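A.B. asks: this is the structure alone, sequence omitted:
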């Protein structure tokens, strides 16, 4: 409700190191909508004794990842929970694509997302995805693009999936303030990349030079994939200048995430990315193994979001039950603060991320539990925290871990 | 609710055109306070089966038009609902007065509100309203003031009601940053108008020249109304530079409002003002007639506010019932998003606008209805949206109409 934010600078002043431990479990896309037949959401349909037990011991609420009505992508959804204004710290498309393949960017690197595409004889785009070529063909094409040599810049091309790749270039005094070459629709020509500020002139030249060399290479059919005869670039960007969790909160933090993008986001805010297997059981094993070494753990559970995006209500319910089933291993640790929430809603009935607020619970010795007895959208609406923006989670976590001094005398 | 605002610039990036339709019904001054005898508010006293039925199918809440404790005028109350920060986009008194008589201002026009007043022989104001002269006499006086000729500026004077008029002047390089001549109390002399910035020097000269010529004309008793012998000017202002709903949300929007000021506010944000008769039935007829041509409709219902300002509790209740009675015609259309709220509260027991939050409901296929079963201040307090600022209504409307892409990847 308040328009007052303490801000990271003040937070830095009042945060302190202490032995207490915070565990943050993000259930990706957990929020849902009622099934038209039963009137119950995914969470309301699942058997989840552990989540409900935690809710009983917690103070609950509903978070708006960004603000009411706004559907967050995964990056702003997570950054907000980690305490960063998701509008201010907006992550560029290129950087996100690089994080998604586990690339470790340097602060000066400029990253862009690339598509292989098809153009006709007149240079008009006929397929923005080059027929979704295989990831193997993509890797082959990237190998030849890596031969591109540009004066004054180091260029590297990394394949992603199917037709997608990441372009990274570094060089002195380059700015990422560039337009896209991708017109985002067929029937048009790729656009010339323009500098959006005077300082980006050189970077624009490099990007255009890369594209023209790539076009030549692809035309020469290096990889014999004639329909992948051009590239489309977008989202030129650089790592945001973001203070780490250790700087702001004096936390030694670690991430246990299976998918590269979430590991990348965690690394971005200074978390150590821990080795883990693929299942939630594996992830909780990692938590046990490293529990003594860190004081803040971010655990990312992905399949609720994937099943929501598939529009598979039942499978999302099962994903919740699978998670719930594993939770006793988490509860054994009895962390000083346990937070369970999601980065956004992904209602199976919408089969996409949505703007709906997300159930939230925080358990600690000092949390003042409310009367909520289950973990769901409707139950959390009655929670003691009400509806609040996700950026306020970190101050709550820190407070409940008794890691914050008072503000002002 | 949120400390984070997505901002109009971002909104422009994520909004998209789609065939879905949004209907926004603003019931002016709808919020009330309990009647001392019954303990029930106007809404709680009215028979309103349609409003209550909509509440059952909606997600409800309470809006703060500006922020808690702040009583809004009609302009900020509406602008906030239309998605504009009502503090940032403050509409000057003069502009508002011009909108209120349906004047179509040009961007360079400077408008000011004028009063005819009475001064004594020493130039001291004895009546700020010149005995509330009739609107007819006012028109007569304005006709003679329109003969005023000032070098380098085009001046026009338009009568409003009783003692009030609008002065508009245009000319090259004029700035509205001027002080008032109206000291806002009797016993003082009218003040000389001062430039508030160096660039406003010429405009100050023009305004003072207008006043001195007006004084001379009025003294010469052109209209033989001796007690209207001077003018008081205030609120020099210009149209705010406000991005239109079509720019920000890609909406083709229309307004169905009876009173000029609301039509003017709608025009200000780029709505097309549709022809309509005076009653709510007429207004809903217009809605039907133009329903296919627009994707956003603002309908303004006035008499709840008027009866509230009269302090007439029963008449306000009747106004609500009259509206409710007409609503089935609105519901037939089954718009993708239907929003019903008010621009502020006007409790009959206060007989004025007030700072109390205003009942709100939003119905859409994706709204996740809450447990609220009636439309009133107390019922909406239990709503799923909680209490939130009115500027968040447009993002919610757009989201529920599936007209927003996600923010960030």
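C.D. replies: Sure, I can see it. Computed from a predicted model, the values in this text were never measured in an experiment.

A.B. asks: phi, psi of the residue of chain A found nearest chain B?
C.D. replies: Closest residue of chain A to chain B, Cβ to the nearest Cβ: residue A:69 (2.9 Å). (Each C-beta comes from the backbone N, C-alpha and C, glycine too.) Dihedral pair for residue A:69: phi 90, psi -20, per degrees, to the nearest 10.

A.B. asks: quick check: closest non-adjacent residue to residue A:96.
C.D. replies: Nearest residue to residue A:96, sequence neighbours excluded (Cβ to Cβ, 6 or more residues apart in numbering or on different chains): residue B:409, at 4.8 Å.

A.B. asks: helix or strand: which one has the most centrally placed residue in chain A?
C.D. replies: Central residue of chain A (Cα atoms, centre = their mean): residue A:75, 3.3 Å from the mean position. Using DSSP states H and E, the element containing residue A:75 is helix A:74-81.

A.B. asks: got a list of contacts for the helix or strand following that helix?
C.D. replies: Later in the chain than helix A:74-81, the nearest helix or strand by DSSP H and E is helix A:93-100. Applying Cβ atoms under 8 Å, 6 or more residues apart in numbering or on different chains, the set of residues contacting helix A:93-100 from outside is A:75, A:91, A:105, A:109-113, A:158, A:160, A:164, A:166-168, A:176, A:234-240, A:260-261, A:263-265, A:267-268, B:409.

A.B. asks: and the helix or strand following helix A:93-100, how far from the chain's centre?
C.D. replies: Counting by DSSP H and E, the next helix or strand C-terminal to helix A:93-100 is strand A:110-119. Computed by Cα atoms, centre = their mean, to the nearest Å, the chain-centroid distance of strand A:110-119 equals 21 Å.

A.B. asks: beyond strand A:110-119, next helix or strand please.
C.D. replies: Counting by DSSP H and E, what follows strand A:110-119 is strand A:125-127.

A.B. asks: flag every buried residue along stretch A:235-250.
C.D. replies: Going by neighbour count (16 or more other Cβ atoms under 10 Å in any protein chain shown), the buried part of stretch A:235-250 is A:235-240, A:242-243, A:245-246, A:248-250.

A.B. asks: try stretch A:22-42
C.D. replies: A:22-35, A:40-42.

A.B. asks: average pLDDT across it?
C.D. replies: The average pLDDT within stretch A:22-42 is 98.

A.B. asks: start and end of it, how far apart?
C.D. replies: Criterion Cα to Cα, to the nearest Å; first-to-last residue distance in stretch A:22-42 is 27 Å.

A.B. asks: kindly report the same for stretch A:370-385.
C.D. replies: End-to-end distance for stretch A:370-385: 9 Å, by Cα to Cα.

A.B. asks: likewise for stretch A:226-245?
C.D. replies: 48 Å.

A.B. asks: hang on, residue A:25 packs against residue A:330?
C.D. replies: Yes - using Cβ atoms under 8 Å, residue A:25 is in contact with residue A:330, at 7.1 Å.

A.B. asks: anything in contact with each of those two?
C.D. replies: In contact with both residue A:25 and residue A:330: A:299, A:338, using Cβ under 8 Å, 6+ apart.

A.B. asks: what is the burial count for residue A:216?
C.D. replies: The number of residues packed near residue A:216 is 11, by other Cβ atoms under 10 Å in any protein chain shown.

A.B. asks: let me fix that, I meant to ask about residue A:202.
C.D. replies: Neighbours of residue A:202 under the rule other Cβ under 10 Å: 16.

A.B. asks: that one: what's it in contact with?
C.D. replies: Neighbour list for residue A:202: A:152, A:171, A:173, A:174 [criterion: Cβ under 8 Å, 6+ apart].

A.B. asks: just the ones of the buried residues of stretch A:235-250 in helices?
C.D. replies: Cross-referencing the buried residues of stretch A:235-250 against helices under DSSP state H gives A:245, A:246, A:248, A:249.

A.B. asks: so which of those residues also contact chain B?
C.D. replies: Among those, no residue is within reach of chain B (Cβ under 8 Å from any Cβ of the partner chain).

A.B. asks: now these in JSON lines, with distance to residue B:279 and pLDDT?
C.D. replies: Below are these laid out as JSON lines (distance: Cβ to Cβ, whole Å; pLDDT from 0 to 100):
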{"residue": "A:245", "distance to residue B:279": "60", "pLDDT": "97"}
{"residue": "A:246", "distance to residue B:279": "65", "pLDDT": "97"}
{"residue": "A:248", "distance to residue B:279": "59", "pLDDT": "97"}
{"residue": "A:249", "distance to residue B:279": "60", "pLDDT": "97"}
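
A.B. asks: how about CSV for those, with distance to residue A:293 added?
C.D. replies: Shown next, in CSV, are those (distance: Cβ to Cβ, whole Å):
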residue, distance to residue A:293
A:245, 15
A:246, 14
A:248, 20
A:249, 17
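
A.B. asks: pull the number of nearby residues for the spatially closest residue to residue A:161 that is not a sequence neighbour.
C.D. replies: Leaving aside its chain neighbours, residue A:161 sits nearest to residue A:135 (5.4 Å; criterion: Cβ to Cβ, 6+ apart). Residue A:135 has 14 neighbouring residues, counting by other Cβ under 10 Å.

A.B. asks: out of the contacts of residue A:202, which touch chain B?
C.D. replies: Counting by Cβ under 8 Å from any Cβ, no member of these reaches chain B.

A.B. asks: can you give me the helices for the stretch 201-350 of chain A?
C.D. replies: Taking DSSP state H, counting those that start in this stretch, the helices of the stretch 201-350 of chain A run over residues A:201-219, A:245-249, A:260-268, A:280-290, A:303-309, A:313-326, A:328-331.

A.B. asks: got those as TSV, with distance to residue A:228 columns?
C.D. replies: Shown next, in TSV, are those (distance: least, Cβ to Cβ, whole Å):
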stretch	distance to residue A:228
helix A:201-219	6
helix A:245-249	41
helix A:260-268	24
helix A:280-290	37
helix A:303-309	27
helix A:313-326	34
helix A:328-331	46
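
A.B. asks: secondary structure element holding residue A:168?
C.D. replies: strand A:164-170.

A.B. asks: please see if that strand touches chain B.
C.D. replies: No - Strand A:164-170 lies out of reach of chain B by Cβ under 8 Å from any Cβ, never closer than 12.2 Å.

A.B. asks: OK, contacts around residue A:215?
C.D. replies: Applying Cβ under 8 Å, 6+ apart, the residues near residue A:215 are A:229, A:230, A:231.

A.B. asks: burial of the closest residue in space to the second one that isn't next to it in sequence, as a residue count?
C.D. replies: Meaning residue A:230. Using Cβ to Cβ, 6+ apart and skipping residues adjacent in sequence, the residue nearest residue A:230 is residue A:119, 4.5 Å away. Close neighbours of residue A:119, defined as other Cβ under 10 Å, add up to 22.

A.B. asks: just residue A:335 next, same as before
C.D. replies: 22.

A.B. asks: phi, psi of it?
C.D. replies: Dihedral angles for residue A:335 - degrees, to the nearest 10 - are phi -60, psi 150.

A.B. asks: returning to that earlier point: of the buried residues of stretch A:22-42, list those near chain B.
C.D. replies: A:33, A:34.

A.B. asks: could I get the pLDDT score of residue A:224?
C.D. replies: 69.

A.B. asks: go on, residue A:221?
C.D. replies: For residue A:221, pLDDT reads 66.

A.B. asks: now stretch A:53-67: mean pLDDT?
C.D. replies: Stretch A:53-67 comes out at a mean pLDDT of 97.

A.B. asks: can you give me the end-to-end span of that stretch?
C.D. replies: From start residue to end residue, stretch A:53-67 stretches across 29 Å - Cα to Cα.

A.B. asks: for chain A, name the helix or strand with the lowest mean pLDDT.
C.D. replies: Every helix and strand in chain A was compared by mean pLDDT, DSSP states H and E; the lowest is helix A:93-100, with a mean of 89.

A.B. asks: list the contacts of residue A:375.
C.D. replies: Residues near residue A:375 by Cβ under 8 Å, 6+ apart: A:43, A:48, A:51, A:52, A:54, A:55, A:60, A:340, A:359, A:361.

A.B. asks: over to it. Which of the three states is it?
C.D. replies: coil (DSSP: H, G, I helix; E, B strand; the rest coil).
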